[in-house]
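Colleague: have a look at this fold, sequence not included:
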């Protein structure tokens, strides 16, 4: 499975962005998918995930502002990010294939920069 993320950019605090991640190589609906992020000098952290049945999970730091969704027909997962804050600045990575202990597939990152 190859994952291609897009949609990052430079925005101001309070703005919105929508990240997309398109998968190739296998039917997307077979996998749980999600997003992680890594800010400069910090460890990579979980942002959100959507599971095969459609249930979702969001990190506390983004609850109420970010929403993960997916379009199985387009093999794409989205991360709608509203009310962005400078602390959301990071490289965002999409992932797929939750095994119960790790994510099997990682895409390349897309940079999100939020200015104050």
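Modeller: All right, it came through fine. This one's a predicted model, so the numbers in the text were calculated from it and none came from an experiment.
Colleague: and the residue found closest to residue 103 once you drop the neighbours it is linked to in the chain, helix, strand or coil?
Modeller: Using Cβ to Cβ, 6 or more residues apart in numbering and skipping residues adjacent in sequence, the residue nearest residue 103 is residue 95, 4.0 Å away. Bear in mind the C-beta positions are built from the backbone N, C-alpha and C, glycine included. Of the three states, residue 95 takes strand under DSSP: H, G, I helix; E, B strand; the rest coil.
Colleague: and the residue minimising distance to the centre of the chain, what are its phi and psi?
Modeller: When Cα atoms, centre = their mean is applied to the chain, the residue found nearest the centroid is residue 35 (2.8 Å). Note on residue 35: its backbone torsions stand at phi -130, psi 140 [degrees, to the nearest 10].
Colleague: also residue 36?
Modeller: Backbone geometry at residue 36, expressed as degrees, to the nearest 10, gives phi -120, psi 170.
Colleague: for the closest residue to it other than its chain neighbours, list the residues it contacts.
Modeller: Nearest residue to residue 36, sequence neighbours excluded (Cβ to Cβ, 6+ apart): residue 93, at 4.8 Å. Neighbouring residues of residue 93 by Cβ atoms under 8 Å, 6 or more residues apart in numbering: 5, 35-38, 44, 106-109.
Colleague: ok, 10 Å please
Modeller: 3, 5, 19, 21, 34-38, 44, 47, 103, 106-110 (Cβ atoms under 10 Å, 6 or more residues apart in numbering).
Colleague: could you report the distance from it to residue 116?
Modeller: To residue 116, residue 93 is 24 Å away according to Cβ to Cβ, to the nearest Å.
Colleague: low-confidence ranges in this structure?
Modeller: Applying pLDDT under 70 to the chain flags the ranges 26-28.
Colleague: try 90
Modeller: 1, 24-31, 52-53, 72-73, 100 (pLDDT under 90).
Colleague: where exactly do the strands run in this structure?
Modeller: Using DSSP state E, the strands of the chain run over residues 2-6, 9-12, 17-24, 33-38, 45-50, 56-58, 66-71, 76-81, 90-98, 103-106, 110-115.
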